[in-house]
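*Asks:* pasted the sequence and its predicted model underneath.
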Amino acid sequence: MPESPEVQEAARFLDERSAGRTIVSIDVVLPKALKTAPESVAGLVGAQIARVGRIAKMLDVELTSPGNGIRHVVIHFGHDGWVLWHDSAPADLKRSGPATLMARVRLDDGSGFDLTDAGQWKALTIHVVDDPRDVPAVAKLGPDPAAPEFTQAQFARILGGRRKQLKALLQDQTALAGIGNAYSDEILHAARLSPVVHAALLTDDEVARLYGHTRAVLAEATTARRGIPLAELRAAKRAALRIHRRPGERCPVCGDVIAEFTYSGAAAQYCPTCQTGGASLA
Ligand SMILES: [Zn+2]
């Protein structure tokens, strides 16, 4: 699933190319992707893109149109959704890669972008709303740990108030917005903390360490993804991960073998020496 560093770069890329452009068509190819009324999309033709931003793991396309005021298209990628850019958008609605074409937006200079989904369940969703907080997934988000104003005191309160294991807490969008399975593994490895330790049991030193590494891992990944084409961003993420999806490889810190266990139905990785005092979580 795309997480905040990759979605941040996708938003930056789309903002740079599409802000100020007018929408000439929006085709929703798979109707179930659209979670608001069909008319909500038709009403956007002729609207101008004001900006493209990121909310947690979602894209927020802000539009202005003469009769309609400000509208937002909020895109949740789900597990395997993504966005692809066309300098010249194809005239037909054929997919342009291996993933299913969910929707295509065409702009007034001939460019455009596709929303795609490569997964079995086609979980990408589109909401057209007046305010992003009208989207249920946005309304319940916790603070974004990549935001400049996010403090260690805020982080400590979130950890202290939840009876949850660290990995679950880092991925819980109502606690902290933007982190998923991959970056939670990377953050916990960098902070040398067990994925299954309870958040409320951390010492002050451990809270400080986890805060620092949460911020650093997200910031470094976001910087490293700058300028990478949309079609290559997900592969760039995978290549940069130090332990996630690398079971059996050597830990880059201590040389131990990276271990794997199943967590909330997904494969997660950790280093026994760095994180669990040698204990196996499998
Ligand atoms: Zn290690």
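*Replies:* Alright, I've got the coordinates. Note that the structure is predicted; figures quoted are calculated from it, not measured.

*Asks:* what comes up buried for the lowest-mean-pLDDT helix or strand in the chain?
*Replies:* When the helices and strands of the chain are scored by mean pLDDT, DSSP states H and E, helix 38-42 comes last with a mean of 90. Buried residues in helix 38-42, counted by 16 or more other C-beta atoms under 10 Å: 40-41. In this view, the C-beta of every residue, glycine as well, is placed from N, C-alpha and C.

*Asks:* so for the helix or strand following it, mean pLDDT?
*Replies:* Once the chain leaves helix 38-42, the next helix or strand it forms, by DSSP states H and E, is strand 48-55. The pLDDT scores in strand 48-55 average 98.

*Asks:* mind exporting the helix or strand following strand 48-55 as CSV, just the C-alpha atoms?
*Replies:* Note on strand 48-55: by DSSP H and E, the next helix or strand toward the C-terminus is strand 58-65. Once non-C-alpha atoms are left out, strand 58-65 reads as follows in CSV (Å, rounded to 0.1, in the frame of the first residue of the first chain):
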residue,chain,number,x,y,z
MET,A,58,-4.7,9.8,0.3
LEU,A,59,-4.5,12.3,-2.5
ASP,A,60,-6.6,15.4,-2.2
VAL,A,61,-7.3,17.2,-5.5
GLU,A,62,-8.8,20.6,-4.8
LEU,A,63,-10.9,22.1,-7.5
THR,A,64,-12.6,25.4,-8.1
SER,A,65,-15.4,26.0,-10.5
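
*Asks:* give the buried residues for strand 58-65.
*Replies:* Quick answer for strand 58-65 (16+ other C-beta under 10 Å): 58-63, 65.

*Asks:* closest one of these to the ion?
*Replies:* residue 58 (33.1 Å; C-beta to the ion).

*Asks:* residue 114 belongs to a strand?
*Replies:* Yes - counting by DSSP: H, G, I helix; E, B strand; the rest coil, residue 114 is found in a strand.

*Asks:* residue contacts, the residue of the stretch 101-250 of the chain found nearest the ion?
*Replies:* Nearest residue of the stretch 101-250 of the chain to the ion (C-beta to the ion) works out as residue 189 at 7.3 Å. Counting by C-beta atoms under 8 Å, 6 or more residues apart in numbering, residue 189 makes contact with 242-243, 251, 253, 270-271, 274-275.

*Asks:* my guess is residue 15 contacts residue 59. True?
*Replies:* No - using C-beta atoms under 8 Å, residue 15 makes no contact with residue 59, being 9.9 Å away.
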